[in-house]
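In: I need the structure of the sequence given here:
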Amino acid sequence: MDFADRGTLADNIDEIGDRREEIAKQISSGLVYLQGMDFVHRKIRTSNILLTRNFDAKIAGFGSDDMDCDERWMAPELRSDSPQYSFYSDIFALGMVMRKMGKGSEDYMRWMVRCLDEEPKKRPLECPIVTTEDVDPAPMIDSTNSGRLQALKSMAHKNGDVANYIGAMYRAGSKVPIDEEEALKWFLIAANLGNARAQNTMGVHYHDRGDCVAAEGWYLKAAKQGYQEAWSNFGDLLFTQDRFVEAAEWYHMAAAVNDAHAQYSLGKMYFDVWLNDTLALEWFNKAAVQGYVHAEYMMGYMYQHGRGTRPDDEKAEEWYLKAIGKGHVSAERSLEKMRHDRRAWVQIRESEWDMTSMEDDEGNLDPTKILLSFKNFSLGPEEYFLHAMEESMKNAKER
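Out: Numbers count the residues shown, from 1 in each chain. As a prediction, this is how the structure comes out:
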């Protein structure tokens, strides 16, 4: 067992700096373990959190029989003559510890607010931003108890949050061998217990395997609980079934909370299905400014071809470069072709040709005559020249 060289969190509250989120994650992971032991701590506070030399947090304070009489750490439901201690009251105390540690990231602050919710069952029993790669619950308890995983499993059959955590452990191989079949077993248990994240996970599982009926059932359960990722995933499922109006409803819900994938998907829907370039550009832009690479590529395409806006090669190049920086192959090809076409058209303009020699009997440009004329140029394949001419003439008319 590691020694708590630094003493308590209370002793080091001014020294933790940017470690507050990691410390909170470790405390939360320890509480998940205690839930697996069916144990309510009752006295979570900064003076009962020990810190090692490396600022790893350990939950302590198990030996005292006194009740937590300090109202600063007490959940609202405990401030009565008949206090109801529960896992949720420990989570409220965690929220108070987080508040004591000071302001953190946006995710950290949102998590803290949820922990301090007056309604006990609205408090998250597990860290909403924790991953099994980040922490393992076992080392976060200052005890020598064995059978920790078995204790978690015994709790998981009545606690969907714990069952989902175990599923994530097996999927990631965190302190257990990677076992996708075992992971799905626990995700299913969690989903049937009402865990929205696990319900979404089961939706993805069936969606990937082409079982749209099962996928829809699980996505809908998670979506109705307000699980935002499920809104977007359900929209994707409906879109692939050509149920565009239903898909748009779920995409709009996700887009309203800045889900970049949903915003991009709405752009594609307006672009490919409803043929409204103006609205397509608007939704692509919402996703692109959040750094969504596929939307960045589409913004480049829209500006290059004048879809929903005036053609603007500079803006097109700007968006293509953003997408290229994230490895988007089509953006790289599109930018290369756009630059090639631009050079070709400059060469054409500077040639001072008699354009009437390339017109047909009705005064329209004749592609065949253009190609024959372009054979005298050494810039590149003839099709590039033809494309450049057609694009330039089209853009000139639109202007």
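
In: Which strands or helices does whichever strand or helix holds Y301 pack on?
Out: With elements taken from DSSP states H and E, the one containing Y301 is helix 293-305. Applying 3 or more C-beta pairs under 8 Å, 6 or more residues apart in numbering; DSSP states H and E, one finds that helix 293-305 contacts helix 260-268, helix 277-288, helix 313-324, helix 329-350. C-beta: built from backbone N, CA, C; applies to glycine.

In: contacting residues for I189?
Out: Applying C-beta atoms under 8 Å, 6 or more residues apart in numbering to I189 gives the contacts A156, H157, G160, A163, G167, A198.

In: Pretty sure H207 sits against F239.
Out: No. H207 is beyond contact range of F239, at 11.7 Å (criterion: C-beta atoms under 8 Å).

In: quick one: K121 and Y88 touch, right?
Out: Yes. Assessed by C-beta under 8 Å, K121 is found in contact with Y88 at 6.5 Å.

In: more neighbours, these two?
Out: More crowded of K121 and Y88, by other C-beta atoms under 10 Å: Y88, with 21 against 8.

In: Could you tell me how far whichever strand or helix holds that one lies from the centre of the chain?
Out: Element membership for Y88 (DSSP H and E) is helix 87-101. The chain centroid and the centroid of helix 87-101 are separated by 26 Å under C-alpha atoms, centre = their mean, to the nearest Å.

In: With stretch 5-13 instead?
Out: The answer for stretch 5-13 is 34 Å, by C-alpha atoms, centre = their mean.

In: same question, stretch 106-122
Out: Centre to centre, stretch against its chain (C-alpha atoms, centre = their mean), the figure for stretch 106-122 is 19 Å.

In: pLDDT weak spots in this protein?
Out: 1-4, 36-38, 62-72, 129-148, 345-360, 363-399 (pLDDT under 70).

In: number of nearby residues for the nearest residue to D277 once chain neighbours are set aside?
Out: Nearest residue to D277, sequence neighbours excluded (C-beta to C-beta, 6 or more residues apart in numbering): G308, at 3.5 Å. The number of residues packed around G308, counting by other C-beta under 10 Å, is 19.

In: what about G308, distance to H294?
Out: From G308 across to H294, the span is 17 Å (C-beta to C-beta, to the nearest Å).

In: Tell me which residues touch K268, please.
Out: The contact partners of K268, by C-beta under 8 Å, 6+ apart, come to A280, M298.
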